[in-house]
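> missing the sequence, but the structure's below:
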């Protein structure tokens, strides 16, 4: 994945969660912008926070695909419904 494309996903508002799929089968889920550190200058790697609190350093040359989560419809109060999704 090219750095600029990943930056667009990271800065999209409203943010949509996405998963980086690596060539070895590893998945790096980014549920919110704060879960990924993207350097301010183009780089070959990013850091993604794992659910258990670990940090996964991702080499962007190893990203085979990106899955972007669908937009969740807003509830009656204008906010997205809570729950897993």
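Sure thing, it's come through. Predicted model, so just to flag it, every value in this text is computed and none were measured. Numbers count the residues shown, from 1 in each chain.

> just the strands in this protein please.
Taking DSSP state E, the strands of the chain run over residues 18-22, 27-30, 36-37, 45-49, 55-59, 63-68.

> counting contacts, what elements does the last one pack onto?
This points to strand 63-68. Contacts defined by 3 or more Cβ pairs under 8 Å, 6 or more residues apart in numbering; DSSP states H and E place strand 63-68 against helix 3-11, strand 18-22. For glycine as for every other residue, the C-beta is placed from the backbone atoms N, C-alpha and C.

> can I get those in TSV with mean neighbour count?
Formatted as TSV, the helices and strands packed on strand 63-68 follow (neighbours: other Cβ atoms under 10 Å):
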stretch	mean neighbour count
helix 3-11	14
strand 18-22	18
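
> so what's the residue minimising distance to the centre of the chain up against?
Residue closest to the average C-alpha location in the chain (Cα atoms, centre = their mean): residue 30, at 3.3 Å. Counting by Cβ atoms under 8 Å, 6 or more residues apart in numbering, residue 30 touches 10, 17-20, 36, 48.

> farthest pair in those residues?
Farthest-apart pair in those is 10 and 19; separation 13.2 Å (Cβ to Cβ).

> How about the contacts made by residue 19?
Contacts of residue 19 by Cβ under 8 Å, 6+ apart are 27-30, 66-67.

> rewinding a little: may I see the contacts of residue 30 arranged in TSV, with pLDDT and distance to residue 2 as well?
Converted to TSV, the contacts of residue 30 look like this (pLDDT from 0 to 100; distance: Cβ to Cβ, whole Å):
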residue	pLDDT	distance to residue 2
10	96	13
17	97	20
18	97	15
19	96	17
20	96	13
36	97	15
48	97	17
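
> Show the backbone phi and psi for residue 39.
phi -60, psi 150 (degrees, to the nearest 10).

> Next up, the contacts around the closest residue in space to residue 15 that isn't next to it in sequence.
Using Cβ to Cβ, 6 or more residues apart in numbering and skipping residues adjacent in sequence, the residue nearest residue 15 is residue 33, 5.5 Å away. With contact taken as Cβ under 8 Å, 6+ apart, residue 33 is in contact with 10-11, 15.
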